[in-house]
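Visitor: requesting a structural model of the entry that follows:
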Amino acid sequence: MTPEPPSEPPGAGQHCLVVYVPATHAEQVLQALGDAGAGRAGHYSHVAFVSPGTGRFTPLPGADPAIGEVGRPEEVDEVRIETLYPAAERERVLRAMAGAHPYEVPAFATFPVHDRGPSFDEQGRLRGRPGRS
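Guide: Purely as a prediction, here's the structure:
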């Protein structure tokens, strides 16, 4: 059995960015991400999921923390932002995130999102949904 070739070349398609941001800076990071091309879905822009949580960290010697003091554990009200972006825009989106983020070293992850399959159209809408074409 021969494996199927990928439907898209490497680097094509959508990726997901997950980033943790102090709640006080969520709007500026969301705006920067959307302005850089993240969060586009059909005829919508700046699409993201935002959930609250608590960030914990201890700045080590040599750090220049935006919040807290070196050597002291810190807890901060943060949000987790999840948004999709075109893989080809990765560098632009990550630069926008880093530029708007207040932390010296933002906590984030990116990963590819696999094809949604034939049930969805190119805009991400469910095919055959009542009242929709």
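Visitor: C-alpha from now on. contacts and neighbour counts both.
Guide: Fine.
Visitor: now for Gly53: which residues touch it?
Guide: Contact analysis of Gly53 by C-alpha atoms under 8 Å, 6 or more residues apart in numbering lists 77-80.
Visitor: quick one: it and Phe111, what's the gap?
Guide: Distance, Gly53 to Phe111, by C-alpha to C-alpha, to the nearest Å: 21 Å.
Visitor: this protein: helices as residue ranges?
Guide: Using DSSP state H, the helices of the chain run over 26-35, 90-100.
Visitor: so which of the ones you listed is nearest Pro65?
Guide: Nearest to Pro65, of all those, is helix 90-100, at 14.8 Å by C-alpha to C-alpha.
Visitor: how far off centre is the closest one?
Guide: The chain centroid and the centroid of helix 90-100 are separated by 10 Å, computed with C-alpha atoms, centre = their mean, to the nearest Å.
Visitor: quick one: contacts of it?
Guide: For helix 90-100, the external contacting residues (C-alpha under 8 Å, 6+ apart) are 28-29, 32-33, 36-38, 85, 106.
Visitor: centroid residue for the protein?
Guide: Computing the C-alpha centroid of the chain and ranking residues by C-alpha atoms, centre = their mean puts Leu17 first, at 2.5 Å.
Visitor: how far away is the spatially closest residue to that residue that is not a sequence neighbour from Tyr85?
Guide: Computed as C-alpha to C-alpha, 6 or more residues apart in numbering, the closest residue to Leu17 that is not its neighbour in sequence is Thr110, at 4.6 Å. Thr110 sits 10 Å away from Tyr85, going by C-alpha to C-alpha.
Visitor: again, but for Pro73
Guide: 34 Å.
Visitor: and these two? which has more neighbours close in?
Guide: Tyr85 (25 against 12; other C-alpha atoms under 10 Å).
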